[in-house]
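Engineer: Sequence and computational prediction follow.
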Amino acid sequence: MNEVLIFGGTTEGRLLAKGFSENNVPSVYFAATGYGADLLGDIPLVEIREGRLSSDGIKNVVEERKPKAIVDATHPYATEVKKCIREALIDRPEIPIFCVKRSELAICGDEAVRYFDNENDCAAALLQTEGTVFLTTGTKTLPVFSKGESLRKRLFVRVIPNIESLKICEDCGIAGDRIIAAQGPFSKEENLLMMKRAGASVLVMKESGREGGEDERIEAARDMKIPCFLIKRPVSDPGDEIDTVFEEVLSLFDKNPVKKRIKVSLIGAGTKYTDLTLEALSAIENASMIFGAKRVLSFLPKSLMEGKECFSHYRASDILPVLNGFEKEQGSCFHEKSAVVLFSGDSGFFSGAAQLYNSLLDSNNYEVNLIPGISSVSAFSSKLGEPWSDAAIVSSHGKKEEEWAPAFLDAALHNERTYLLTSGNDDAERIFELLQKAGETGHGSFEIIEGKALGTDDECIGKYPAGSGGPVILFIKNNSPKKRSLSPFLSDSIFTRGSVPMTKEDVRALSVSKLSLFDGAVLYDIGCGTGSISCAAASLSPKVRVYSIDNNDEAIALTKENAKKLFLPNISVVEGEAPECLSTLPLPDCVFIGGSKGRLSDILEYLFSLGKKINVVINAVKTETLSFLRKIIYEKKDAIRNTALDEISVHSVKEPEKDKEAPFLPNNPIYILSFEIRPVQKYV
């Protein structure tokens, strides 16, 4: 039959059975005990048989099943069954036998480890020691160690959790409170916990290799500063590594194995080592590689980093090339390789983890896990006693001022509490300058608390400036925050005026409303004049990016002054003539044209040529301009929708409190044309 016989009862046997199943190769799995069979569970294409077989029994199974291959994945110390397998196949040379060899750890020369050829020699040596013996060699050797009463009373044994093992412990006179029944393999921490519970003075184990958790036990013994008595494998262990066996068996079925994906954990490391969660510590302990900024790596204990490759990288552009090289070298179908990347604070809170996470997901070679941590805002908030649930939170970390300043000023001016994560002292100094100017011009009353190097010995918290050095987080309290306006209306009186024409407040409010702005929109204000349209639009949201365009020196100066006066850093003033100066700007979502210097036709042609949806609003005073616009609308009707043409004529009384009989005076009528440019769809 096209199947494999696996003699297992081990970690390797279970891995192979699952691997063959995933590659649609049927197998029969043999385990000596019901417990060993139960550990495998119900897996497609795997038939499970339990019970010990003699050489004749194995021979009968081979005759019955006629397998394509036999895999010996039994324990290195299971010498009897290994012998039976080979005796049963003496007359069947056409059936290949593949033996799984366990890796040997390079621990020779370790003074804490003493080697013994067999359990009898080891038991004799234990009589020369004192204290509790933590025995992890299994129940087969237990009668040897428990034969003498003096040694038996000192034993604390760890066995697999089944009835057969517990019965052997009872027969050997081991008391119930001196038994740990648990299924391995165990981590170093788990071994350490058990050894401490037992009060171990000596560890006894077999040379079981990496798969049997040999190194984790030895490391735990080192931490306990107790000797390790290690019983050598009874014979040299022939065979090949599990990956080689797996690949060679699959080749008999004309199949190629799929290698395991590398597990990458993106960890929020908080502000100090004790902030790390148990999940994070476990991921770090099991990792082959560790990435992180120098400051974050510095608070990890050396014991946690031993035997691992460490890189002081925290940017995706630096980490990805290393991980990609690691992935190419990994080459294992079973031995999971893993890496961790440590980010200060929380992995999901203004963290570089997001970019790396998306980049890793784009590749199918990685299994990505996000592990949260304590954010710097949470840590700072708890130290200040100032809640963050109703606070604005902004980050300038790793950003240019034009990116973070609009959001920060909007938050600080309109909220009682604002937390700001910075890139360091330069950001903090600039923020202090901005708030100082805002306070001086009546835009708020600010208190600034600075936190530096949180969680370290250099931690410093106090009123700005609190100290030097270390990452900076700021808490800004505004004792008189502004009410947020939900309208595009700004009074004419707040603008600095000159000889340049300005769109009046009523026309301005209607024009900005018709632009249909949204968060993240890019607006061109062409012929910006005093910048009143730019300011009204920019004040709606710090996420609206406004480009104010004019070729008049006075207009440029006035727009800059009004933007600065109203604390609107999301306005960029562009000196030049449209449409030529537009090509270097981000593509617009909305365009307001208040003045075109006779270039209206060229400007519109340029906008139509962009091939994207754009909301356009044009103000016109002259009837000639209106006639031209109506012609454009007709000619471009296939590329325009949602067209509206409004005439607004405002009659108003200025300062009516001074003259109760003052008449309503008319302003010149203004035509407001609004429409949406949409790409023309061509049907073939």
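Structural biologist: Happy to help now that I have it.
Engineer: Please count neighbours and contacts with C-alpha atoms only from this point.
Structural biologist: Fine.
Engineer: How much space separates the closest residue to G307 other than its chain neighbours from A269?
Structural biologist: On the basis of CA to CA, 6 or more residues apart in numbering, the spatially nearest residue to G307 that is not a chain neighbour turns out to be S288, at 7.8 Å. The spacing between S288 and A269, counted by CA to CA, to the nearest Å, is 18 Å.
Engineer: who's more crowded, the two?
Structural biologist: For S288 and A269, the more surrounded residue by other CA atoms under 10 Å is A269, and the numbers stand at 30 against 19.
Engineer: For the nearest residue to the more buried one once chain neighbours are set aside, report the pLDDT, please.
Structural biologist: Residue nearest to A269 in three dimensions, not counting chain neighbours: S344, with 5.1 Å by CA to CA, 6+ apart. The model reports S344 with a pLDDT of 87.
Engineer: Isn't S344 up against K294?
Structural biologist: No - checked against CA atoms under 8 Å, the pair S344 and K294 is beyond contact range at 10.6 Å.
Engineer: who has more neighbours, those two?
Structural biologist: Ranked by neighbour count (other CA under 10 Å), S344 and K294 place S344 first, with 25 against 12.
Engineer: Show me the strands in the stretch 501-650 of the chain, by range?
Structural biologist: Using DSSP state E, counting those that start in this stretch, the strands of the stretch 501-650 of the chain run over 522-526, 545-550, 571-575, 590-593, 614-620, 640-648.
Engineer: before we move on, what about the stretch 351-500 of the chain?
Structural biologist: With DSSP E, counting those that start in this stretch as the criterion, the stretch 351-500 of the chain has strands at 366-371, 392-395, 417-421, 446-452, 460-463, 472-478.
Engineer: Adding mean pLDDT, distance to R497 and mean neighbour count, write those out as CSV.
Structural biologist: Shown next, in CSV, are the strands of the stretch 351-500 of the chain (pLDDT from 0 to 100; distance: least, CA to CA, whole Å; neighbours: other CA atoms under 10 Å):
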stretch, mean pLDDT, distance to R497, mean neighbour count
strand 366-371, 90, 54, 18
strand 392-395, 92, 34, 20
strand 417-421, 92, 33, 24
strand 446-452, 90, 30, 20
strand 460-463, 87, 39, 16
strand 472-478, 91, 30, 25
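Engineer: The ones you listed: which one's closest to V25?
Structural biologist: strand 366-371 (25.0 Å; CA to CA).
Engineer: That closest one: partners in the sheet, and parallel or antiparallel?
Structural biologist: strand 262-268 (parallel) (DSSP bridges).
Engineer: now the angle between strand 366-371 and the very next helix or strand once past the strand it pairs with, please.
Structural biologist: Note on strand 262-268: by DSSP states H and E, the next helix or strand toward the C-terminus is helix 278-286. Between helix 278-286 and strand 366-371, the angle comes out at 140 degrees (axes from the mean of the first three to the mean of the last three CA atoms, to 10 degrees).
Engineer: Distance check, the residue nearest to A269 against G373.
Structural biologist: Separation of S344 from G373 (CA to CA) stands at 8 Å.
Engineer: which residues do these two both contact?
Structural biologist: Common neighbours of S344 and G373, counting by CA atoms under 8 Å, 6 or more residues apart in numbering, are G268, A269, G270.
Engineer: which one of those is nearest E575?
Structural biologist: Comparing the shared contacts of S344 and G373 against E575 with CA to CA places G268 closest, at 45.0 Å.
Engineer: Can you say which of the strands of the stretch 351-500 of the chain is nearest to G520?
Structural biologist: Per CA to CA, nearest to G520 of these: strand 392-395, 16.2 Å.
Engineer: Specify the local secondary structure of E190.
Structural biologist: Three-state assignment for E190 (DSSP: H, G, I helix; E, B strand; the rest coil): helix.
Engineer: got a pLDDT number for it?
Structural biologist: At E190, the model reports a pLDDT of 91.
Engineer: Over to the one 3 residues further on?
Structural biologist: For L193, the model assigns a pLDDT of 93.
Engineer: Which strand or helix spans it?
Structural biologist: helix 188-198.
Engineer: Check which helices and strands that helix is in contact with.
Structural biologist: Helix 188-198 sits against strand 132-135, helix 214-224, with contacts defined as 3 or more CA pairs under 8 Å, 6 or more residues apart in numbering; DSSP states H and E.
Engineer: Turn the ones you listed into a markdown table, columns for mean pLDDT and mean neighbour count.
Structural biologist: As requested, these are exported to a markdown table (pLDDT from 0 to 100; neighbours: other CA atoms under 10 Å):
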| stretch | mean pLDDT | mean neighbour count |
| --- | --- | --- |
| strand 132-135 | 96 | 24 |
| helix 214-224 | 89 | 20 |
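Engineer: Output these in a markdown table; the columns should cover distance to G184.
Structural biologist: Formatted as a markdown table, these follow (distance: least, CA to CA, whole Å):
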| stretch | distance to G184 |
| --- | --- |
| strand 132-135 | 14 |
| helix 214-224 | 11 |
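Engineer: what's the closest of those to A453?
Structural biologist: In terms of CA to CA, the element of the helices and strands packed on helix 188-198 nearest to A453 is helix 214-224, at 31.2 Å.
Engineer: And for the closest one, what's in contact with it?
Structural biologist: Applying CA under 8 Å, 6+ apart, the contact partners of helix 214-224 are 105, 112, 186-189, 191-192, 196, 203, 205-209, 227-228.
Engineer: same for the helix or strand just after it, what does it pack against?
Structural biologist: Counting by DSSP H and E, the element after helix 214-224 in chain order, helix or strand, is strand 228-231. Identification of packing neighbours for strand 228-231 by 3+ CA pairs under 8 Å, 6+ apart yields strand 113-116, helix 119-126, strand 200-206.
Engineer: Go again with 6 Å.
Structural biologist: If you count contacts as 3 or more CA pairs under 6 Å, 6 or more residues apart in numbering; DSSP states H and E, strand 228-231 packs onto strand 113-116, strand 200-206.
Engineer: Can you give the strand pairings for the first one, parallel or anti for each?
Structural biologist: In the sheet, strand 113-116 lines up against strand 228-231 (parallel) (DSSP bridges).
Engineer: so for the very next helix or strand once past the strand it pairs with, what's the average pLDDT?
Structural biologist: Sequence-wise, the next helix or strand downstream of strand 228-231 (DSSP H and E) is helix 242-252. Helix 242-252 shows an average pLDDT of 89 in the prediction.
Engineer: CA atoms only for helix 242-252, dumped as PDB, please.
Structural biologist: This file holds the C-alpha atoms of helix 242-252, laid out as PDB (Å, rounded to 0.1, in the frame of the first residue of the first chain):
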ATOM      1  CA  ILE A 242      13.900  14.700  11.300                       C
ATOM      2  CA  ASP A 243      13.800  17.100   8.300                       C
ATOM      3  CA  THR A 244      16.000  14.800   6.200                       C
ATOM      4  CA  VAL A 245      13.800  11.700   7.000                       C
ATOM      5  CA  PHE A 246      10.700  13.700   6.200                       C
ATOM      6  CA  GLU A 247      12.000  14.900   2.900                       C
ATOM      7  CA  GLU A 248      13.300  11.500   1.800                       C
ATOM      8  CA  VAL A 249      10.000   9.700   2.700                       C
ATOM      9  CA  LEU A 250       8.000  12.300   0.800                       C
ATOM     10  CA  SER A 251      10.200  11.900  -2.200                       C
ATOM     11  CA  LEU A 252       9.100   8.300  -2.400                       C
END
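Engineer: how far is that helix from where the chain is centred?
Structural biologist: Distance of helix 242-252 from the chain centroid (CA atoms, centre = their mean, to the nearest Å) equals 35 Å.
Engineer: ok, and what's touching that helix?
Structural biologist: V100 (CA atoms under 6 Å, 6 or more residues apart in numbering).
Engineer: now do stretch 412-431
Structural biologist: Residues outside stretch 412-431 that contact it (CA under 6 Å, 6+ apart): 391-397, 471-478, 481-482.
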